[in-house]
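1. Predicted model and sequence below, questions to follow.
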Amino acid sequence: MTPSSLPHLLIDAAARHPARRFLSFEGNAYSYASFAEHVGAAAAALRDWGLCPGDRVALYLGNTPSYLVAYLAALWCGAAVVPANTRYREAELQHLLHDAEVRLVVTDGEGDALVATVRTATPSIDAVVTLTGAPDEDRRIWAGLAPSEGDPRPPAVAAGNDTLALIAYTSGTTGKSKGAMLTHGNLLANARAVGRAWRWAAEDHLLLTLPLFHIHGLGVGFHGTLAHGAALTLHRRFDATAVLEALENGPATLFFGVPTMYGRLLNEAGERARRGAGRRFARVRLLVSGSAPLAADTLERVEHVFGQRILERYGMTETVMLTGNPYDGPRKAGTVGLPFDGVELRLVAVTATAGPDGGAVDTSGAAAEVQVRGPSVTSGYWKDADATAASFTPDGWFRTGDLGVLDADGYLTLSGRARELIISGGFNVYPREVEEAVASLPGVREVAVVGLPDPDLGERVAAAIVVAPEGPAVDAEGVVAHCQLQLAGFKAPRTIAFVEELPRNAMGKLLRQAVRDRLLEAP
Ligand code: MLC
Ligand code: AMP
């Protein structure tokens, strides 16, 4: 029978190939059978504790095997998982836990202090579990969760195709993030479609250094591995030296990254080349880039230096993966390729007033909004009927907010965004959220936040600030420090200009392009 949930994929693979290598992490290896055993034991503990189908479990911990055990164990019990960015500060984390009415938070030694702070203001939280990163050590922590000794046997999996698996928070235009709801069926359909397109097989080995709290690392990397009974080496974080070394000498056949990672690998390879070290990868057959636009120059340099042409694909938290360049066939620079199996895509003209907060909308050329339908598309946002209604057309297509054009071969090129989103190193930043943080600093009268081109991050956050003459003095360091207290560090402006006034049109609307031009001149 075809597995109908993510835990079923694990159980199925463990039954068929118990001894096969599943996961490697910092010198420890887990077979499918041993990993399934850890997950089953954690699921038993969660059941004894009282986790019920439909409950929400938040994961606020770094990339370790513990993350994956907690994830699958919560899903096993029929709970929905809410992944939280480990860079989130108090207000961002609090919003997620509160909005999703989370009952259980799983964290680690780096996250537990912040979770403890947030817990006092979040009455829905019944327990917090702090894991070590090592499933063997975690066993006693899971066992200690239940009030008395329960049945050590894992329960039956309480999830199927239509069960809610993820509430994945994604930055909202209003500044507060919204939870996109994805079922096991959504996630399985996408893992299978992507796997078919990329010829993912049990012999494959993925090197995964992307964060597990986003759909790129989790939905593409982890679910894809599980769905194909393949192997995974997990790193806590991306480090160019370690990744280059692993690709050159390790077992990886697949590597997925954001464009920033490829730029850093090129820099690192340059260093190594100067020291005379080799640059070819041992076993890699596929490099994939996504989450942000890949510069044609990066694509070409990677091909030149490493002998591999990156496959660029396009996706979104709400839809999982939508399009990709072909595995066989031309991988066209600057395009995001063709729809994956099951994805229907159409382009619909947008008007120049479609942008939120009056932002400039790129309607240059024949660009139109990308709208999609398919088996992996969200049914909507958690407890947010208005945002859900606004995201679908009356005839049921999901509005991505991305603008695109199709070429004669059907390849999609993304040509802009109908929303004021900044993508910095693959992380999304909404100007409004940063503007609210900057504006709350005494002495700031007005602020506008935009994205500027950046050689490392693709785009970087930049702010034009008007100070209040009567208020306390404000300087750039103070603004950054203030933002870092309130927001994840990647949202803090990296370029700041103090201006006399913000450029506005006759109607008083902010002219974001003029703000950009002004900031480009900033030192
Ligand atoms: C880190 N910093 C960033 C940043 N990442 N600043 C701006 N943009 C970023 N993306 C800052 C930190 O705040 C810190 O600043 C300093 O850089 C060093 O931090 P670090 O932790 O050492 O950073 P580093 O490891 O270098 O991180 C870079 C990175 C990371 C590229 C590895 O950003 C990353 O993992 N990006 C991937 C994001 C991702 O997975 N996106 C997928 C979304 S899903 P300071 O001042 O505090 O020192 C999606 C759908 C789809 O989009 O299609 O995939
Ligand atoms: P997120 O909300 O974090 O899931 O980010 C989704 C957004 O990332 C999409 O709506 C696109 O704007 C952007 N994105 C993803 N992949 C690509 C890509 N290959 N090129 C350009 N933008 C991309």
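-> Arrived safely, thanks for sending. Ligands and ions are numbered 1, 2, ... in the order given.
2. For the closest residue to A333 other than its chain neighbours, the count of nearby residues, please.
-> Spatial nearest neighbour of A333, excluding adjacent residues (C-beta to C-beta, 6 or more residues apart in numbering): A296 at 4.0 Å. In short, each C-beta sits where N, CA and C put it, glycine included. By other C-beta atoms under 10 Å, 12 other residues sit near A296.
3. Do you know the pLDDT at K176?
-> Looking at K176, its pLDDT is 75.
4. which parts of the stretch 101-250 of the chain sit against ligand 1?
-> Within reach of ligand 1 by C-beta under 6 Å from any ligand atom, the stretch 101-250 of the chain has these residues: L210, P211, H214, I215, H216, G217, R237, F238.
5. what's the nearest residue to the fourth one if we skip its chain neighbours?
-> Which is I215. Nearest to I215 is T317, by C-beta to C-beta, 6+ apart, at 4.8 Å.
6. My read is that that neighbour contacts K178, right?
-> No. The criterion here is C-beta atoms under 8 Å, and T317 misses it with K178 at 9.7 Å.
7. So for those two, which sits in the more crowded spot?
-> Neighbours of T317 and K178, each counted by other C-beta under 10 Å, are more numerous for K178; the result is 25 against 22.
8. Just confirm the more buried one contacts Y169, I think it does.
-> Yes. In this structure K178 lies within contact range of Y169 using C-beta under 8 Å: 6.8 Å.
9. Excluding covalently adjacent residues, which one is nearest to V474?
-> Closest residue to V474 apart from its sequence neighbours, by C-beta to C-beta, 6+ apart: G443 at 4.0 Å.
10. Sorry, wrong one. I was asking about F427.
-> Of all residues beyond its chain neighbours, the one nearest F427 is F490 (4.9 Å), with distances taken as C-beta to C-beta, 6+ apart.
11. what about stretch 282-298, start to end distance?
-> Terminal residues of stretch 282-298 lie 21 Å apart, using C-alpha to C-alpha, to the nearest Å.
12. re the thing from before, who's in contact with the residue nearest to V474?
-> Residues in contact with G443, defined by C-beta atoms under 8 Å, 6 or more residues apart in numbering, are V467, A468, G471, P472, A473, V474.
13. do you know how far it is from D475?
-> To D475, G443 is 9 Å away according to C-beta to C-beta, to the nearest Å.
14. And for L452?
-> As defined by C-beta to C-beta, L452 lies at a distance of 20 Å from D475.
15. Can you check the pLDDT for G358?
-> G358 is assigned 36 on the pLDDT scale.
16. ah, wrong one, I meant G290
-> At G290, pLDDT is 98.
17. contact partners of stretch 476-491?
-> For stretch 476-491, the surrounding residues in contact (C-beta under 8 Å, 6+ apart) are 85, 87-89, 91-92, 424-425, 427, 429, 433-434, 437-438, 440-441, 444, 461, 463, 465, 492-493, 496.
18. Name the residues of the stretch 51-200 of the chain found near ligand 2, please.
-> Taking C-beta under 6 Å from any ligand atom as the criterion, the stretch 51-200 of the chain approaches ligand 2 at residues T170.
19. any weak-confidence spans in the stretch 51-200 of the chain?
-> Judged by pLDDT under 70, the stretch 51-200 of the chain has its weakly predicted residues at 172-175.
20. rewinding a little: in helices only, show me the residues of the stretch 101-250 of the chain next to ligand 1.
-> Under the assignment DSSP state H, those contribute I215 to helices.
21. And the furthest pair within the residues of the stretch 101-250 of the chain next to ligand 1?
-> I215 and R237 (17.8 Å; C-beta to C-beta).
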